[in-house]
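Coordinates for the following, if possible.
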Amino acid sequence: MFRSKSEKAPAKTPAPAAPPPGSKWPGPPPPGATTAGAGPSSGAPATVGQRTSSGKALSKTASQDGGDPQASGGFFRSLTSGKKKEGGMSRENSGRGMKREGSNRNKEKSITPHRVEKTNHEWRKALPRPQYVILRKRLMEKPYTGKYVDYLPPADKEAIFFCMACDTPVFSGKEKVQSENGWASFGKPIPGAITQKYAEVNGLNRLEIVCNGCDGFLGLVNRNMDVNSEVLQLREISKDDYKMLFN
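This is a model prediction of the structure:
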């Protein structure tokens, strides 16, 4: 087909110049240049959004983050993100962040009381009446009348309070606190000695302290553990004997 003299032939696009050996493109690749195969396995740096042979998109180039594996994201960051470090190690790998029930140092042993089971008639015959009405009828003694309300253990001894009915050690003198309601008060029991049970008495709910050795009623949980002195038996022992028994 013939062209008129006024028509000009279309301009030819010059072929892209090849880069010198070992050099990188100074900017975006010229039109027609291919980036296939670029990535960690090739010589050219991977660009943002580019997919590797495994199909995963890269977020940064190695030159942007200085080759730091933590800064480049990926597997290393997934292991360490959100974890506090201690002494240069991650919390998970250092072993210092493991869940613990508490240090064994100064931790009292949990006891397993010897069970004493009797019928109500047998308890009535075995216990004096003041102890029977508290332990089996679940009544509280009159406030500020108990002999252990203001008791404090001597400096050179350790005190242990036993259940009067079954001789189970239920409270330590270390946990004796100032009475607020008129009964002998403790911060906590000897581990394994008692159970706390909700009960309804005269239309009111209360949290009762029950001996695990005989199911006897000891007192109530208020701000602290308020216990009837009438059903407690006190024994004072040396500090060494106490450690041997409970530590």
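
All the strands of the protein, in order from the start?
85-86, 89-90, 158-163, 169-172, 176-177, 184-186, 194-201, 204-211, 217-221, 225-227, 232-237 (DSSP state E).

what stretches of this structure score poorly on pLDDT?
1-108 (pLDDT under 70).

make it 80
Low-confidence segments of the chain (pLDDT under 80): 1-109, 247.

And the helices in it?
All helices of the chain, identified by DSSP state H, fall at 75-80, 91-94, 120-126, 129-135, 239-246.

May I see the buried residues of the last one?
Neighbour-count burial for helix 239-246 flags 242, 246 (criterion: 16 or more other CB atoms under 10 Å). Placement of C-beta: from N, CA and C, glycine included.

In PDB, could you pull the C-alpha coordinates for that helix?
Extracted in PDB, the C-alpha atoms of helix 239-246 (Å, rounded to 0.1, in the frame of the first residue of the first chain):
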ATOM      1  CA  LYS A 239      10.300 -23.600 115.000                       C
ATOM      2  CA  ASP A 240      12.400 -26.600 113.900                       C
ATOM      3  CA  ASP A 241       9.600 -29.000 114.500                       C
ATOM      4  CA  TYR A 242       7.200 -26.800 112.600                       C
ATOM      5  CA  LYS A 243       9.500 -26.700 109.600                       C
ATOM      6  CA  MET A 244       9.900 -30.500 109.700                       C
ATOM      7  CA  LEU A 245       6.100 -30.900 109.700                       C
ATOM      8  CA  PHE A 246       4.900 -28.300 107.200                       C
END
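
how near is the residue nearest to residue 147 when sequence neighbours are not counted to residue 192?
Counting by CB to CB, 6 or more residues apart in numbering, residue 229 is the residue found nearest to residue 147 once chain neighbours are left out, at 5.0 Å. Residue 229 sits 22 Å away from residue 192, going by CB to CB, to the nearest Å.

burial of the nearest residue to residue 130 once chain neighbours are set aside, as a residue count?
Spatial nearest neighbour of residue 130, excluding adjacent residues (CB to CB, 6+ apart): residue 230 at 5.3 Å. Here the number of neighbours of residue 230 (other CB atoms under 10 Å) works out to 21.
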